[in-house]
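> Got a predicted structure here, sequence first:
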Amino acid sequence: MTEKPTRTEKDSMGEMTLPASALHGASTHRAVLNFPVSGYRFSRPFIRALGLIKWAAAQANHDLGLLDAERSALIVQAAEEVIEGKLDDHFPLDIFQTGSGTSTNTNANEVIANRSAVIAGKPIGSREHVHPNDHVNMGQSSNDVIPSAIHISAAEQLKNCLIPALEKLHTALESKAKEFWNIIKIGRTHLMDATPIRLGQEFSGYAQQIAYAKERAQKAIEALREIPLGGTAVGTGLNRHTDLPAKILQHLEQRTGIAFYEAKNHFEAQGGKDAVVEVSGQLKTIAVSLFKIANDIRLLGSGPRCGIGEIQLPATQPGSSIMPGKVNPVMCESVMMVCAQVIGNDTTITWAGANGNFELNVMMPVMAHDLLESIRLLANVVDVFCDKCVRGIVANEERCRELVELSMAMVTSLAPKIGYDRAAEIAKESAKTGRTVREIAREKKVLPERELERALDPIKMTEPGGKEG
């Protein structure tokens, strides 16, 4: 078997042999060997954010006269390839690495420096044009770059992926609320029969939950707009120009459309990760809303003949390898599993966020991974749930009417007219005999027929106060 060609590079710890074609350098390769833990790598949005930071920093340092035009242009071109995803294969590091993410910041510096060398016609590993630390990392530290990359990548994904998916689902649920407005069904509390409700009212509740979910996602972006860039090692801003953060942020807004701003206090921004925990909490709340909606919808569609069966879900695939014709609410189940994962990710992020020690949090890579995973999963599952389930829901009007009439809760509207105790007796008799409240009330002549019909009109029961007229 032919051995793959290698090259030897040096870092501050000595020589390291690595693949000849790898754009990462000796320090990154040490981390490759040190952390063969999970196979999980930083995702595309995070690598893009790293590229954006290096791209913006090169231009900002040139604007300030600290980086010459040739080096700046090389770094900008190489960083652009990182932004576009052309160099993702050269970011091999495991998520479970140094807790500051220093290895991954170093990875970005080395890749951009080596790619700059190639662009300049020099061999990989040559540092005479662009040095990974002196030039690519100028005015930066892993300790302000990595948390900033978390904020930038998460904000972009919220803006470009999750919020549009939630907007689409909100529109679909509002449409169903209008479509189902005139369909009266039985309400349920404690999983037991309650007074009638419009199916459209039920779906309007789901639509409002998603409206609030959109607001929460927007609040999450707001929490992420404050970024730690400029704090360098411990928050003091050592080794960077005073105006560097403002210059970098101008370039970042140009590319992302998000108005990021410098941390009000760099010691808070680097020592704590409260904003990331806050964003994860918003995602958890969105997941809780989605779980409730998906679970309700699968229960409302249960049956089709021996369950609730008030709605019919689109048939997407066979539901059983042994029971012919069985179709399951698989889209709802997919949503519910994603929500469980997001809630679990939030637990990890919460504990990781609590582990800030003095001037630095040392569990940032797993926070970045789980936060971006939660956004990605939610955006994807909301999108398919809308397309493959919600938009195709059909109401079973006959079943809705049947269950309303059978419900003992119909007696509730009689209570103000005949008293609670007498109404309760009718409910108990209905439960014992299986006869409807209407039949028993008519037989007992508790009210004149016309008044009884008005009192037991389920449409009136769905209106504020349940009043006539």
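Structure received.
> Can you give me the domain boundaries for this structure?
The chain is divided into the following domains under automatic domain parsing: 23-138, 144-237+260-397, 407-466.
> I'd like these written out as a markdown table, with mean pLDDT, mean neighbour count and distance to residue 17 added.
All C-beta spots, glycine's among them, are computed from the backbone N, C-alpha and C. Output for the domains of the chain, formatted as a markdown table (pLDDT from 0 to 100; neighbours: other CB atoms under 10 Å; distance: least, CB to CB, whole Å):
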| stretch | mean pLDDT | mean neighbour count | distance to residue 17 |
| --- | --- | --- | --- |
| domain 23-138 | 97 | 20 | 8 |
| domain 144-237+260-397 | 97 | 20 | 25 |
| domain 407-466 | 90 | 16 | 75 |
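> what's the closest of these to residue 251?
domain 23-138 (3.7 Å; CB to CB).
> Which of the residues in the helix or strand harbouring residue 8 are classified as buried?
Using DSSP states H and E, residue 8 falls within strand 6-11. Buried residues in strand 6-11, counted by 16 or more other CB atoms under 10 Å: 7, 9, 11.
> so residue 170 sits right up against residue 209, yeah?
No: if you go by CB atoms under 8 Å, residue 170 and residue 209 don't touch, sitting 9.1 Å apart.
> what helix or strand is the most centrally placed residue in the chain on?
By CA atoms, centre = their mean, the chain has its centre lying nearest to residue 375, at 2.6 Å. Per DSSP H and E, residue 375 falls inside helix 364-388.
> Just give the nearest non-adjacent residue to the residue nearest to the centre of the chain, would you?
residue 157 (4.5 Å; CB to CB, 6 or more residues apart in numbering).
> Next secondary structure element downstream of the host helix or strand of residue 222?
Residue 222 is located in helix 199-224, with elements delineated by DSSP H and E. Per DSSP H and E, helix 199-224 leads on to strand 226-227 as the next helix or strand towards the C-terminus.
> what distance separates that following strand from the centre of its chain?
In terms of CA atoms, centre = their mean, to the nearest Å, the centre of strand 226-227 is set 19 Å apart from its chain centre.
> ranges for the helices of the stretch 101-250 of the chain?
Taking DSSP state H, counting those that start in this stretch as the criterion, the stretch 101-250 of the chain carries its helices at 102-119, 142-157, 163-179, 199-224, 244-256.
> sorry, back to before: closest to residue 19 out of the buried residues of strand 6-11?
Closest to residue 19, out of all of the buried residues of strand 6-11 and judged by CB to CB, is residue 7, at 7.7 Å.
> which ones are touching that closest one?
For residue 7, the contacting residues are 17, 18, 19, 20, 124, 125, by CB atoms under 8 Å, 6 or more residues apart in numbering.
> so the first one touches residue 10, yeah?
No: at 11.0 Å, residue 17 and residue 10 do not qualify as touching, with contact defined as CB under 8 Å.
> Would you point out the most distant pair within the contacts of residue 7?
Farthest apart among those - using CB to CB - are 17 and 124, which lie 13.6 Å from each other.
> coming back round to it: right, so of the helices of the stretch 101-250 of the chain, which gets closest to residue 397?
The closest of these to residue 397 is helix 199-224. By CB to CB, the value is 8.7 Å.
> just checking, what packs against that closest one?
Contact partners of helix 199-224 among helices and strands, from 3 or more CB pairs under 8 Å, 6 or more residues apart in numbering; DSSP states H and E: helix 142-157, helix 163-179, strand 184-189, helix 274-300.
> what about 10 Å?
helix 142-157, helix 163-179, strand 184-189, helix 274-300, strand 311-312, helix 364-388, strand 394-395 (3 or more CB pairs under 10 Å, 6 or more residues apart in numbering; DSSP states H and E).
> Could you export those as a markdown table, including distance to residue 106?
A markdown table is the format used below for those (distance: least, CB to CB, whole Å):
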| stretch | distance to residue 106 |
| --- | --- |
| helix 142-157 | 7 |
| helix 163-179 | 33 |
| strand 184-189 | 57 |
| helix 274-300 | 22 |
| strand 311-312 | 54 |
| helix 364-388 | 13 |
| strand 394-395 | 56 |
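> Without its sequence neighbours, what residue ends up closest to residue 117?
residue 126 (4.5 Å).
> doesn't residue 119 make contact with the one you found?
No: at 11.4 Å, residue 126 does not count as touching residue 119 under the criterion of CB atoms under 10 Å.
> Now distance to residue 246 too, for the domains of the chain, in a markdown table please.
Formatted as a markdown table, the domains of the chain follow (distance: least, CB to CB, whole Å):
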| stretch | distance to residue 246 |
| --- | --- |
| domain 23-138 | 8 |
| domain 144-237+260-397 | 7 |
| domain 407-466 | 54 |
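> Tell me which of these sits nearest to residue 254.
domain 23-138 (8.4 Å).
> Can you measure across the closest one, start residue to end residue?
19 Å (CA to CA, to the nearest Å).
> Show me the strands in the stretch 1-150 of the chain, by range?
6-11, 14-19 (DSSP state E, counting those that start in this stretch).
> Mean pLDDT added to the ones you listed, as CSV?
Compiled in CSV, those are given as follows (pLDDT from 0 to 100):
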stretch, mean pLDDT
strand 6-11, 90
strand 14-19, 94
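> I'd like to know which of these lies nearest to residue 330.
strand 14-19 (43.2 Å).
> returning to that earlier point: mind checking which of the helices and strands packed on helix 199-224 is nearest residue 319?
Once the helices and strands packed on helix 199-224 are compared by CB to CB, helix 274-300 is nearest, at 12.1 Å.
> helices or strands next to that closest one in the packing?
When contacts are defined as 3+ CB pairs under 10 Å, 6+ apart, helix 274-300 sits against helix 142-157, helix 163-179, strand 184-189, helix 199-224, helix 266-271, strand 311-312, helix 330-353, helix 364-388.
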